[in-house]
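[1] Okay, structure incoming, though there's no sequence with it:
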């Protein structure tokens, strides 16, 4: 079947941080493109960097064979390359300039008909801007943080949740054996999904997220309440972006080190010290860091990523540009690409309420 | 807060086959009951067996502590104990009799106010019948097969899918190293969810399910088509209940062995032999069996099971008897318990269509 | 450093069944060859098949990059290609002929200086015979069964043990929830290592291996003894090659099916039925099959395989042909290649004694 | 069989940090004690804390049932309770006093015949001192760091290696997708076993350990060498106790934070910043922390821990007090307990040499 839409050549890029399932989307886009829609597929290397600097390679059946279960992205990604505020690596940020015209030219030079952009809010916002410059775009939502507007869930989230849950399981045995408070810091700068769902799955006793700030008394009370119930340990799961009421200054002050760099693990470390100081409990801190975003995707994420890739090609086939594929309920649907710029999808409060039963 | 409903004593039972997440539901029911609703919880041992023979024990906070991540059910289960057609273990099936009155009496004797039944279609149908005899019942849907009517998904399914997907990953390396066809038989007697979703996640090349019978030519063609594409291996994922057009007799004949027992792994073995005979391909068969239903639940299933347990207690609290909690889209809702008897939830055809792209 | 031995071109082949860690050995051979010994490496495809039919490809740094964690073998393997009794695929076995001269010629034609053969007793015995025809050979011992003479342990075994142990863990929850006997059949035709060590790790209650036949009374007694101790379940781990005293006929008779093929899972199925018949216990059988030999190697196997590959290149470098690398205690040493033909390494009886404490 | 040694009552304690396999040793000690040696077993709670404060409980068959696969220790542990320098929790360290007599009295009061002490060098040194005060002691070596003198390997090490290896796998996909240097800090204050073996297993590109200090030039050179080879990422695995020549001051200065506490993750963070500064490479740091010591043991560790427990009871049975069980080659043997105080078992240099091939 020849594509009704006349689409022949598809460009695909992955932007933003690594995320389990990227390769599964690429595979689905390329295989569906080749087999169902009789198109050719091209990989744009290292996110927008490849579009800016014309690094575009053909992607055939063999290239995407066997990558379903493999983490990362075979076409590379970039957190920084920005077509509208481009700074060459190592250059002064004040030299930022708009190179979006170059992107349009490279897109045309490669005779691409459509750009499938797999990314988070940053990359998809750029895609939306490029769409306004005439590039036909279809977006696929990606973030381990699950805070993207317009979709119930993003691929990569389930894998990250599983990693958090496994880590909490491991910390449990140490906390129990030693009678300790264990603090575990997860990713999640603006929304607490990962701490909330990973913490629920691991049986975390206290969960702290950006959306709902608590004071230290409430946290310490929970730890001590457990102690009164005969439990001599507590697991505190905290998003990197969580706030503690009344401790904003302490938090801010720890964010810089002697090199002038932002320090890793601000909130976790501070929280650990405050709990130790205020409750006398022996406390240990673990900052999960980048292991949350790499590696083999869960079965759930592989299936979701595959469905997204297939749906993106359906959108392409139907000429539904300027859209993003999204999960709503059981269905993969299309939503306008611009929704991703409208805000952050914060956690479901009822879900958070549930966890409070468990932290008494 | 005292329960508006006046509910004081909750009985909980688990029925049917083992399923990852059972303990997570029990924990959520007991903790929510104790902490939010100020009730007492009681475990009915070994499914309906315990209700029939009055084996009911109190469940406290300590009993359910630390069980979130543990597979199985701390209160035991039974596949066979049936209040309306009871046969004592080892007795002749023709002695089956209705002992439902005994169940009602034991329920009353234990002064239970409500029965939370966690089970599949069999156990929930019984629960529905007991409800008609006056026992207030709330159901929680459970099956690794995901074929239960009324809910988008059951807990246990995600874990089983992950196990199938991991197994397919393992078989891939052997198939690739040897140039073989590998057949893998999953559970799924009436619906193909597990083979379909686990097969998609593992990158199975051909997926055969009860809902959509194929002839052997179609299967062998797919294997040979891959061969023509330069792929010298194929992975065939097949539900135990899948049918092969034109081979019904062969299938039927292999189902009995010299002891007169039904044989394990009928379809997988037969399929393997037929592929070998018809394509000349070296073929190996793996029957996953009971490892699909045991062990530690995935993070996803722990969260879903917890939400179901909390929702069941909300239903109890509101006096919504005769209902089953269910996932619809993102929400856990209540549906009439009787829907579970209305049929089997077969696979989503569009999902199946997707996989066909990948098997050429 | 130029190789003292004058070795310039190394051929590597993998023979026999798939085994986790094959790629790790290949990577170590190639990287050490290129970097330490300034050699070139060549992959002989599909085991001896490639040597017989002259399918030999160069292996560079890039080819072995990223394969450490990947199961299977990138150069393929074969169970059947035998230089001294060669039968083309699909041909009549009676046409078997000696094509070893062709192997020698192809070896010379490719200007190889040495053959590194990674294989089990079959492949290494052939390597030993080829050595006698003048091909310089170094062997690397491989088998998930761990029954190879001359080495304390083979790579692949630890991964297979972990898979068995994980499976036993999963079956435990089902056995406990249902009060069942669960039989699990592992690989191990001639030696019981996998059942013994995997069973110990998983906490199996009865372990049956080829080396030590028991009668059914002893097995049933153990199951019933556990019942008397208040344990209402038993896990029986059995090697595929285990023998049951007095049941040899039953076992033999079940080995053929209506197609005249050998049946998968003979001993497990028979044992399950016999236990059920003799104890009245509800019994379920799982045959682990090929998932035991595929997939990602454990950390332990990756390190052992890497050490073997490096040691093989050291042997090459020193001109120690006709040897096999082997683990003895903590050290990787060289042993004469011919030891592999001397017998089967059966299980350590003291290890088996230990498990008997645990099965009462 | 009555114990020849006349031993009737065995006390068991676990000391020092949590370690996967502790429960497996306890289970083996108790089961072997009960079944083979007809003794009674008692758990001393929270390490030496329980001996000092007379918290000793009976351990029966049921208590140790099902704990083989469970991380942590059912009898608790303590890092700090020291019979010869005892400081009550929260007290001033200057109040440290010798309470070893109290230990002896409590030991006698409980009518224990022998103490089985499962611990690292700290706990076993104490055990050795208590032996000199007349308590019959048998030691079992435990540490995830594997740096204990007298034994080839300690239980817990294999599990920790697996966790490090899994984490390196995850970081690989991110490093590859982004062209980054990734630094991963493992445990290992005095010996580099965990970084070395975990790094080998994960395919780390540079491995830094306490035993072999490097200057930053060497490290940066390796990163840049990989870049020249066309690899645009590097994984650097570093022990927490690794030293960087010429950077001792920077390292020392980062060890204190504004609260005056020692900071977590000193070396990893510093190394990351130095690599970034000196090579211009985008660098990310992950500090694995406590997830390395908790959770389910690997199959390998379960078997080793079980063998240690059985061997400890054999030593008890034979009256071989003042010994520690140890793995030497394939055998579990007994060594004098005092060897553990003789030093740290540093890494095998030949093993380290191997990894250098892989970091060019």
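    Right, received. Where do you want to start? Remember, it's a predicted structure, so these values are computed and weren't measured experimentally.
[2] Now do the contacts for residue A:204.
    Counting by CB atoms under 8 Å, 6 or more residues apart in numbering or on different chains, residue A:204 touches A:168, A:184, A:195, A:198, A:235-237, A:355, A:359. All C-beta atoms are positioned from the backbone trio N, CA, C, and that covers glycine.
[3] A helix includes it, no?
    No: secondary structure of residue A:204 (DSSP: H, G, I helix; E, B strand; the rest coil): coil, not part of a helix.
[4] Phi and psi next, for it.
    Note on residue A:204: its backbone torsions stand at phi -60, psi 150 [degrees, to the nearest 10].
[5] how about the nearest residue to it, chain neighbours excluded?
    Spatially, and ignoring its direct neighbours in sequence, residue A:204 is nearest to residue A:237 (3.9 Å; CB to CB, 6 or more residues apart in numbering or on different chains).
[6] The one you found is in contact with residue A:164, isn't it?
    Yes: look at residue A:237 against residue A:164 with CB atoms under 8 Å: they come within range, at 7.4 Å.
[7] Between the two, which is the more surrounded one?
    For residue A:237 versus residue A:164, the count of surrounding residues by other CB atoms under 10 Å in any protein chain shown is larger for residue A:237: 33 against 30.
[8] In the sheet, which residues pair with the more buried one? Tell me.
    Per DSSP bridges, residues listed as beta-bridge partners of residue A:237: residue A:184, residue A:207.
[9] who does the strand or helix carrying residue A:350 touch, helix- and strand-wise?
    Using DSSP states H and E, residue A:350 sits in helix A:349-358. With contacts defined as 3 or more CB pairs under 8 Å, 6 or more residues apart in numbering or on different chains; DSSP states H and E, helix A:349-358 has these neighbours: helix A:193-202, helix B:22-35, helix B:299-317.
[10] residue closest to the middle of chain A?
    When CA atoms, centre = their mean is applied to chain A, the residue found nearest the centroid is residue A:143 (2.1 Å).
[11] isn't it right next to residue A:118, touching?
    No: the pair residue A:143 / residue A:118 is not scored as a contact, 10.6 Å apart, by CB under 8 Å.
[12] shared neighbours of residue A:237 and residue A:164, which are they?
    A:184, A:186, A:195, A:198-199, A:202.
[13] which of those has the most neighbours?
    residue A:186 (35 neighbours).
[14] ok now the longest helix along chain A, how far from the chain's centre?
    Looking across chain A with DSSP state H, the single longest helix is helix A:157-178. Taking CA atoms, centre = their mean, to the nearest Å, the mean C-alpha location of helix A:157-178 is offset from the chain mean by 19 Å.
[15] What of stretch A:114-124?
    On CA atoms, centre = their mean, the centre of stretch A:114-124 falls 13 Å from that of its chain.
[16] Stretch A:272-289 now?
    Worked out by CA atoms, centre = their mean, stretch A:272-289 lies 27 Å from the chain centre.
[17] does chain D sit close to that stretch?
    Yes: using CB under 8 Å from any CB of the partner chain, stretch A:272-289 comes into contact with chain D via A:273, A:280, A:284-287, A:289.
[18] Mind checking which of those residues are in helices?
    residue A:273.
[19] can I get the residues of stretch A:272-289 next to chain D in TSV with pLDDT?
    TSV is the format used below for the residues of stretch A:272-289 next to chain D (pLDDT from 0 to 100):
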residue	pLDDT
A:273	91
A:280	90
A:284	94
A:285	94
A:286	94
A:287	93
A:289	93
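[20] Next one: residue A:244 from residue A:238, what distance?
    9 Å (CB to CB, to the nearest Å).
[21] any common contacting residues for the two?
    With CB under 8 Å, 6+ apart as the test, residue A:244 and residue A:238 both reach A:208, A:267, A:271.
[22] In a markdown table: the residues you listed, plus distance to residue B:327 and neighbour count.
    Formatted as a markdown table, these follow (distance: CB to CB, whole Å; neighbours: other CB atoms under 10 Å in any protein chain shown):
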| residue | distance to residue B:327 | neighbour count |
| --- | --- | --- |
| A:208 | 27 | 28 |
| A:267 | 33 | 24 |
| A:271 | 33 | 26 |
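[23] ok, so of those residues, who is nearest chain B?
    residue A:208 (17.9 Å; CB to the nearest CB).
[24] For that closest one, give me its contacts.
    A:192, A:195, A:214, A:219, A:236-239, A:242, A:244, A:271 are the contacts of residue A:208 under CB under 8 Å, 6+ apart.
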